[in-house]
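[1] make a model of this:
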Amino acid sequence: MTTRPIDTWDLDREIVLTRVLDAPRERVFRAWTDPERIGAWFAPKQFTCKVRHADIRVGGSLRFDFVGPDGHVYDNRITYLEITAPNRIVFDHGADRDDYPDTFRVTLTFDAQSNGKTVLTLRQLHPTKELRDAKIGFGAVEIGNGTLDKLADYLAAP
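    Got it, this is the predicted structure:
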């Protein structure tokens, strides 16, 4: 297996979040690929997710709304580029508009631990360093960690 060298240019455009989840890798992977499960947890804290369209396959898309506590609706679209069960998912994420300039690439990796837990690594690759910095300033790290908190709570529920 060959790997692409890490380019510092990429690092300047990335946000990386990692979480150890108390669930087997297959269950964590399903939480990202089953539309009903996604709708149950995938949103920033105090937001809900309403899935409008789900075609979760390479070339397919997930269209959904994040609904804020004030009722404001934020439309979203994910376009799937790679789905390798139960190890990896790659998609582009942005507003639900064609050619949205702030769309960023997300790479999820799911690493099984011998104790039945899963290490989830979420890498966001933004189009430019400036857009990445703006997202960090807006709270992308805190929002992302809050969303992963919701995933952990969802996986802990019976």
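
[2] residue boundaries of the strands in this structure?
    Under the criterion DSSP state E, the chain contains strands at 14-21, 48-54, 61-67, 73-84, 88-94, 104-112, 118-125.

[3] just want the angle from the lengthiest helix in the chain to strand 118-125.
    The longest helix of the chain (DSSP state H) is helix 140-156. Here helix 140-156 runs at an angle of 150 degrees relative to strand 118-125 (axes from the mean of the first three to the mean of the last three CA atoms, to 10 degrees).

[4] sorry, back to before: so for residue 144, which of the strands of the chain sits nearest?
    Among those, the nearest to residue 144 by CB to CB is strand 14-21 (4.9 Å). Placement of C-beta: from N, CA and C, glycine included.

[5] before we move on, the earlier item: the longest helix of the chain to strand 61-67, inter-axis angle?
    Going by the same axes, to 10 degrees, helix 140-156 makes 100 degrees with strand 61-67.

[6] how about low-confidence regions in the chain?
    Residues of the chain meeting the criterion pLDDT under 70: 1-9.

[7] what about residue 13, how many residues nearby?
    When neighbours are counted by other CB atoms under 10 Å, residue 13 registers 19.

[8] next one: residue 156
    When neighbours are counted by other CB under 10 Å, residue 156 registers 10.

[9] again with residue 82
    12.

[10] name whatever forms a beta bridge with it.
    For residue 82, the beta-bridge partners are residue 90 (DSSP bridges).

[11] residue contacts, it?
    Residue 82 is in contact with 58, 88, 89, 90, counting by CB atoms under 8 Å, 6 or more residues apart in numbering.

[12] widest-spaced pair of those residues?
    Top of the distance list for the contacts of residue 82 (CB to CB): 58 and 88, 11.7 Å.

[13] quick check, residue 77 in contact with residue 66.
    No - applying CB atoms under 8 Å as the test, residue 77 and residue 66 come out as separate, 11.8 Å apart.

[14] picking that back up, would you turn the contacts of residue 82 into a markdown table with neighbour count and distance to residue 118?
    Below are these laid out as a markdown table (neighbours: other CB atoms under 10 Å; distance: CB to CB, whole Å):
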| residue | neighbour count | distance to residue 118 |
| --- | --- | --- |
| 58 | 13 | 22 |
| 88 | 15 | 13 |
| 89 | 23 | 13 |
| 90 | 17 | 18 |
